[in-house]
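Novice: Give me a model of this one.
(chains A and B)
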Amino acid sequence: MMRARRGRRGAVFVPLLGLSLAFSLLPIIWMTFTSLKTAHAVFGAPGRLLPPVWTLSAYHIVLGDGHFVVYFANSLFVNVGASIATVGLATLAGYSFSRLRMKGKQGVMLAILATQMFPSAVLLIALYVIFRRLGMLDSYASLILSYVTLGLPFSVWMMRGFADAVPVDIEEAAMIDGCGRLQLLWRVVVPLMLPGMIAVALFSFLVGWNDLIWALTLTTSPSMRLIPPGFVATYVGQFQTYWNQLMAGSVLVSLPTIIIFTLLQKYLVQGITSGAVKG
Amino acid sequence: MTGASRLSRLGMRRRERLFFAATVLPAVSVIGFVIVAPLLISISYSFTDFNLIEGTHAFVGLANYRRLLADPTFYQSLWNTLLLGVSPVVGAFFVGFGQALLLNEAVAGRSLMRGLTLLPWVIPQIVVSFLFLFMYNPSVGVVNVLLRDLGVIHQFVPWLALPATAPPAVAIAYVWTEAPFFMLMLLAGLQTIPPEIVEAAVVDGASWWQRLLHIIVPELRRIIAISTILMVIWNFNNFTIIWPLTEGGPVNATLTFAVWVYRQAFQNFDLGTACTIGVAWLILLLVVTFFYLRVVGGEEPVT
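Specialist: Numbering: from 1, shown residues only, chains lettered A, B, ... in the order given. Now for the predicted structure:
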């Protein structure tokens, strides 16, 4: 019965699926092909999808100009640092919030989640003033701390969800065997929560990788710049933009997120959808 | 509980409490000191004429608020924030729901197709911004070339430089990158709907539309609510996509609260005014967040 229906609807289904994929992928294909063109080809034949001559020259220029590599390394360092810190803080707090029996716990959890919704540009103003006074502008520490806060509230919420899914029976058995809480957490709970920790690490990394305003504001010297403000400074507002280079840079910046996502898709999907789907 | 563990219960209690404090405190204090405290400090700036260039920082009462409420830019910015916050979500919902329904039907290669469909959401927002900056470009942009070849326009249009076309152009970029998020959430939801319910409706002779409206949509109500509200909040906060595209222009046509706060605080260094706008923005977000927490917290079993 299912098969018969699918056959009849195939005539609608396949073209719609094609349309959906085209909508999602054509801009990305456009970006990739542009990055393989010469600047001359971009200006000479706008709208032509395929490069007349396939060349990696745009990548050579971007990777060879000395700035991009620095921005990229800065972004990677800051985001990996923030994401490790977020996982550590969120795992401990999420586990305890899950196991803690306390009045008004749900209220505290919702308050934490609410802080995720604060307008970050407004927090940024006070933090900018504080960092400036402490002489911490243009430092990795201020960036890492800021990026931790961007993802931490939601991460605590996510980790509590993952900890809730770990059966308490296992822990009680281990406790009777004389296992302390900390030992228990490290030996029993952490291995079970690993998928959740991966999801949180990814979430935190992606939040930071997407940021522009914090990086734009908290860094000023070129050696400390992250990719987004670095790109804006290099390319936006110039009279003539070298689109092939900008698209080559864009492809390179997209690669880490695409690779991470492809490898760990199921964890992230699970992490993002779990809070909303159950309940 | 066994007798042995009952005996050591009193000693356990104290250690337990210490453990909870030690694990919860780090995260809670980071949230307190780096999120809540700065927010309160920023709110306090809104009652001052704090200006980093002029060096002023004196209490001025409600003067900033009076000036803001008399400023037509404020109402335009409020409208822009609402428009660019809500309209892309409507578009992204319909596109993403359609994609989720399609992928739910596709048995072969579902995870590959889900991965490909997710790409616009996976690539960094700064890349989304540059990609649309390029595609809308008035001299080499593919959007102009396509529309000219289709006969829709006769000369290239600077989409991002005209007050009439800039807001929809920005909204389309949002739709493109956000539709996959809805797809992801709704597909996960679709897969939790027991097939028997849908099969029973088929037996009862319900059409595809009837099944969609009366069975599938009600089943997905909670996911739809959560995803929609989250997306509106994210759009209200968006800076990364909109700033390279328009910087709030042309003539404030895409000036949202996020962009305006940035301009006042970090281009004019007028922190007092920036924080006053920020408070208005915070109130708007709190209203939306209230609904979000009601959906998320309401149906959660209280433990």
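Novice: which intervals of chain A have sub-threshold pLDDT?
Specialist: Counting by pLDDT under 70, chain A has low-confidence residues at A:1-10, A:237-240, A:271-279.
Novice: What residue in it comes nearest to chain B?
Specialist: A:Gly47 (2.9 Å; Cβ to the nearest Cβ). For glycine as for every other residue, the C-beta is placed from the backbone atoms N, C-alpha and C.
Novice: neighbours of that residue, just the number please.
Specialist: A total of 14 residues lie near A:Gly47 under the criterion other Cβ atoms under 10 Å in any protein chain shown.
Novice: Look up how far B:Phe47 lies from it.
Specialist: Distance of A:Gly47 to B:Phe47, given as Cβ to Cβ, to the nearest Å: 54 Å.
Novice: and the residue of the stretch 201-303 of chain B nearest chain A?
Specialist: Counting by Cβ to the nearest Cβ, the stretch 201-303 of chain B gets nearest to chain A through B:Gly278 (3.5 Å).
Novice: wait, the stretch 51-200 of chain B
Specialist: B:Val145 (2.9 Å).
Novice: if you skip the residues just before and after it, what's nearest to that residue?
Specialist: Counting by Cβ to Cβ, 6 or more residues apart in numbering or on different chains, B:Val145 lies nearest to A:Gly47, which is 2.9 Å off, once chain neighbours are set aside.
Novice: Also B:Ile126?
Specialist: A:Pro228 is the one closest to B:Ile126 (Cβ to Cβ, 6+ apart), at 4.2 Å.
Novice: What are the contacting residues of the host helix or strand of that neighbour?
Specialist: Using DSSP states H and E, A:Pro228 sits within helix A:227-235. Residues from elsewhere that reach helix A:227-235, judged by Cβ atoms under 8 Å, 6 or more residues apart in numbering or on different chains: A:67-68, A:71-72, A:74-75, A:211-212, A:215-216, A:219, A:222, A:225, A:241-242, A:245-246, A:249, A:253, B:124, B:126, B:130, B:240, B:243-244.
Novice: Tell me which of these fall in helices.
Specialist: Secondary structure assignment by DSSP state H places A:67-68, A:71-72, A:74-75, A:215-216, A:245-246, A:249, A:253, B:126, B:130, B:243-244 of these in helices.
Novice: Which one of the residues you listed is nearest to A:Ile125?
Specialist: A:Leu216 (13.4 Å; Cβ to Cβ).
Novice: residue contacts, the closest one?
Specialist: A:Leu216 neighbours (Cβ under 8 Å, 6+ apart): A:Pro228, A:Pro229, A:Val232, B:Phe266.
Novice: So residue 15: helix, strand or coil?
Specialist: Since you didn't name a chain, this refers to chain A. Recorded secondary structure, A:Pro15: helix (DSSP: H, G, I helix; E, B strand; the rest coil).
Novice: that's the wrong chain, I meant chain B
Specialist: Under three-state DSSP, B:Arg15 falls in the helix class.
Novice: Next, count neighbours for B:Met113.
Specialist: Other residues lying near B:Met113 total 18 when counted by other Cβ under 10 Å.
Novice: right, and it touches B:Ala100 too?
Specialist: No. In this structure, B:Met113 is not within contact of B:Ala100 by Cβ atoms under 8 Å, at 11.3 Å.
Novice: which residues touch B:Asn238?
Specialist: B:Asn238 neighbours (Cβ under 8 Å, 6+ apart): B:Leu84, B:Gln125, B:Tyr174, B:Thr256, B:Ala258.
Novice: Which element, helix or strand, includes the nearest residue to the fourth one once chain neighbours are set aside?
Specialist: If I follow you right, that is B:Thr256. Leaving aside its chain neighbours, B:Thr256 sits nearest to B:Thr81 (4.4 Å; criterion: Cβ to Cβ, 6+ apart). Per DSSP H and E: B:Thr81 is located in helix B:72-105.
Novice: so how far is that helix from its chain's centroid?
Specialist: Distance of helix B:72-105 from the chain centroid (Cα atoms, centre = their mean, to the nearest Å) equals 9 Å.
Novice: So which elements touch that helix?
Specialist: Packing partners of helix B:72-105 (3 or more Cβ pairs under 8 Å, 6 or more residues apart in numbering or on different chains; DSSP states H and E): helix A:2-35, helix B:110-122, helix B:166-190, helix B:221-237, helix B:257-266, helix B:271-298.
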